[in-house]
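Engineer: need a structure here:
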Amino acid sequence: MAKRILDRFLSRVVACGALEVVRPDGSSTHFGSRTEGFPDVQIRFTTDTAERRILMDPRLGAAEAFMDGELVVERGDVMDLLALIRGNAPWDRNGRLQPASPIRRIRNTLAHRLESFNQSRKSKSNVAHHYDIGNDLYRLFLDTDHLQYSCAYWPSLDLSLEQAQEAKLAHIAAKLALQPGQRVLDIGCGWGGMAIYLARNFDVIVHGITLSEEQLVLARERATAAGIADRITFELVDYRDLAASGANYDRIVSVGMFEHVGQPQFETFFRACANMLAADGVMLLHTIGRMGGPGLTDAFTRKYIFPGGYIPALSETLASSEKMRLIAADVENLRFHYAYTLREWYKRCVAHRDEIIAMFDERFYRMWTFYLAGATAAFESGGMCNYQIQYIRSRHALPLTRDYLVETERTLLKAK
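Structural biologist: Next comes the predicted model:
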């Protein structure tokens, strides 16, 4: 029964590109046909239970079957497999749009509210689940210069990952319109890459905050090694507690942190930012986003990658920030940039397979590569993107035109 249902599903899904499925008894079934630009993949089920796991919950079941060795990719790799499945049904495909059924609307609303309720809990432990697994893992696949665990910026596709992350930092710095002597808050500072970059290239004082103890230690070490520890303070503190202390800053930047806030806390987050931002201040929010309306975090991501995480739609992000009188001065959609970044991370993880297995185990390696491959497919063919939203409190805070962005960016990259 499971075989028939899965075959029927795959026959509908895979039209472009080729997929061969080999069963434990040695029989095989072919789906689709070889097509330029689409992968040619062969997978093998090693147990009779694997297909049932997938049918019970396609994303989580496929992930766990792959992690447990019950689904083995024998031609191509897991990146190819997920790209093949996603690529046959891109989010932005043409076609006539139909309204959702009443039952589906009710189900989605209830599921969204239930998930959002859970996301307001245990911020620190949720962060630790992903970021405190050891700095050595991240050093294996992130850029060597800045340790940026967020979307790079690719003005040219012939850049290295290091160059693309440098370009991202310059792109964000330009949007902050920094002036000498200003105080800058970096919410979710990671390993200090952004804070160090701003302190090194501008005459500013930076306060970086994180909830990850592993990140905090390394960020402080890197600031000292860069010789600018006197202009940077890193602290283990929640943004809500910092705002309650009455702290005030000329500039606020937050990169890759908003995804961990949780939808119930959106207004709390923007209220805190508005209260900490100077009257003539500028804020830059860089976040993964949905190109459609509000959605749900899939079971695999919730269980293994980002517990409590939620990817926001632009509509709900702006709906929350506008209540705090934060003016969205500029909104940019980085459509493919994270897909390019994720493919580079994936390549480096594959190249360091033995080291990752030695740090953890084979199952962790499979889980991690499934995560990177699935995320890549979501940005290439799904509804995921990155938004950069520039906020101001006063309409007079920035120049009248956007020319200053290009000028500052060029100056920073030439200096490199």
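
Engineer: secondary structure element holding the residue nearest to residue 299 when sequence neighbours are not counted?
Structural biologist: In space, residue 299 comes closest to residue 60 once its chain neighbours are excluded; the distance is 4.1 Å by Cβ to Cβ, 6 or more residues apart in numbering. (C-beta placed from N, C-alpha, C; glycine too.) For residue 60, the host element (DSSP states H and E) is helix 58-67.

Engineer: and the pLDDT at the residue nearest the centre of the chain?
Structural biologist: Closest residue to the average C-alpha location of the chain: residue 288 at 5.1 Å, with Cα atoms, centre = their mean. Listed pLDDT for residue 288 reads 98.

Engineer: in the helix or strand encompassing it, what's buried?
Structural biologist: Using DSSP H and E, residue 288 falls within strand 277-290. Neighbour-count burial for strand 277-290, counted by 16 or more other Cβ atoms under 10 Å, picks out 277, 278, 281, 282, 283, 284, 285, 286, 287, 288, 289, 290.

Engineer: from what I see, the third one and residue 253 are in contact.
Structural biologist: Think residue 281. No: the criterion here is Cβ atoms under 8 Å, and residue 281 misses it with residue 253 at 11.1 Å.

Engineer: show me where the stretch 1-150 of the chain has strands.
Structural biologist: 17-22, 28-33, 40-45, 71-75 (DSSP state E, counting those that start in this stretch).

Engineer: can you tell which of those strands is closest to residue 65?
Structural biologist: Evaluated over these, closeness to residue 65 peaks at strand 71-75, with 4.0 Å, by Cβ to Cβ.

Engineer: give the buried residues for the closest one.
Structural biologist: Result for strand 71-75 [16+ other Cβ under 10 Å]: buried residues 71, 72, 73, 75.

Engineer: please name the bridge partners of the first one.
Structural biologist: Taking DSSP bridges, one finds residue 45 as the beta-bridge partners of residue 71.

Engineer: contact partners for it?
Structural biologist: By Cβ atoms under 8 Å, 6 or more residues apart in numbering, the residues touching residue 71 are 43, 44, 45, 46, 50, 54, 62, 65.

Engineer: got it, and the third one?
Structural biologist: Neighbour list for residue 73: 41, 42, 43, 66, 80, 81 [criterion: Cβ under 8 Å, 6+ apart].

Engineer: dump those residues to CSV, plus pLDDT and distance to residue 175.
Structural biologist: Shown next, in CSV, are these (pLDDT from 0 to 100; distance: Cβ to Cβ, whole Å):
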residue, pLDDT, distance to residue 175
41, 98, 40
42, 98, 46
43, 98, 44
66, 98, 39
80, 98, 36
81, 98, 37
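
Engineer: closest to residue 136 out of the residues you listed?
Structural biologist: Using Cβ to Cβ, residue 66 comes nearest to residue 136 of those, at 24.1 Å.

Engineer: what's the closest residue to residue 364 other than its chain neighbours sitting at in phi/psi?
Structural biologist: The shortest distance from residue 364 to any non-neighbouring residue, by Cβ to Cβ, 6+ apart, is to residue 356 (7.1 Å). Dihedral pair for residue 356: phi -70, psi -40, per degrees, to the nearest 10.

Engineer: separate out the buried members of the contacts of residue 71.
Structural biologist: Neighbour-count burial (16+ other Cβ under 10 Å) applied to the contacts of residue 71 gives 43, 44, 45, 50, 54, 62, 65.

Engineer: ok and the helix holding residue 60 relative to strand 71-75, angle-wise?
Structural biologist: On the basis of axes from the mean of the first three to the mean of the last three Cα atoms, to 10 degrees, helix 58-67 is oriented at 70 degrees to strand 71-75.

Engineer: in helix 58-67, what's buried?
Structural biologist: Of the residues in helix 58-67, those buried by neighbour count under the rule 16+ other Cβ under 10 Å are 58, 60, 61, 62, 63, 64, 65, 66, 67.

Engineer: picking that back up, I'd guessed the residue nearest to residue 299 sits against residue 300; true?
Structural biologist: Yes: Residue 60 lies in contact with residue 300 (Cβ under 8 Å); the separation is 4.7 Å.

Engineer: output the strands of the stretch 1-150 of the chain in a markdown table; the columns should cover distance to residue 151.
Structural biologist: Formatted as a markdown table, the strands of the stretch 1-150 of the chain follow (distance: least, Cβ to Cβ, whole Å):
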| stretch | distance to residue 151 |
| --- | --- |
| strand 17-22 | 26 |
| strand 28-33 | 31 |
| strand 40-45 | 27 |
| strand 71-75 | 26 |
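
Engineer: can you pull out the helices in the stretch 1-150 of the chain?
Structural biologist: For the stretch 1-150 of the chain, the helices defined by DSSP state H, counting those that start in this stretch cover 2-13, 50-56, 58-67, 78-87, 102-119, 123-131, 135-141.

Engineer: in terms of mean pLDDT, which of those ranks lowest?
Structural biologist: helix 102-119 (a mean of 54).

Engineer: how about low-confidence regions in the stretch 151-300 of the chain?
Structural biologist: Along the stretch 151-300 of the chain, no part satisfies pLDDT under 70.

Engineer: give me the beta-bridge partners of residue 186?
Structural biologist: residue 208, residue 253.

Engineer: touching, it and residue 204? I think so.
Structural biologist: No: in this structure, residue 186 is not within contact of residue 204 by Cβ under 8 Å, at 10.8 Å.

Engineer: so between these two, which is more surrounded?
Structural biologist: Set side by side, residue 186 and residue 204 show more neighbours around residue 186, with 28 against 22, by other Cβ atoms under 10 Å.

Engineer: from residue 8, how far out is that one?
Structural biologist: Distance, residue 186 to residue 8, by Cβ to Cβ, to the nearest Å: 50 Å.

Engineer: let me know the closest of the buried residues of strand 277-290 to residue 338.
Structural biologist: The nearest one, if we look at the buried residues of strand 277-290 relative to residue 338 and count by Cβ to Cβ, is residue 288, at 7.1 Å.

Engineer: ok, now which ones touch the closest one?
Structural biologist: Residue 288 sits next to 151, 256, 259, 311, 338, 384, 385, 386, 387 when contact means Cβ under 8 Å, 6+ apart.

Engineer: who is it paired with across the strands?
Structural biologist: Under the criterion used (DSSP bridges), residue 288 bridges to residue 386.
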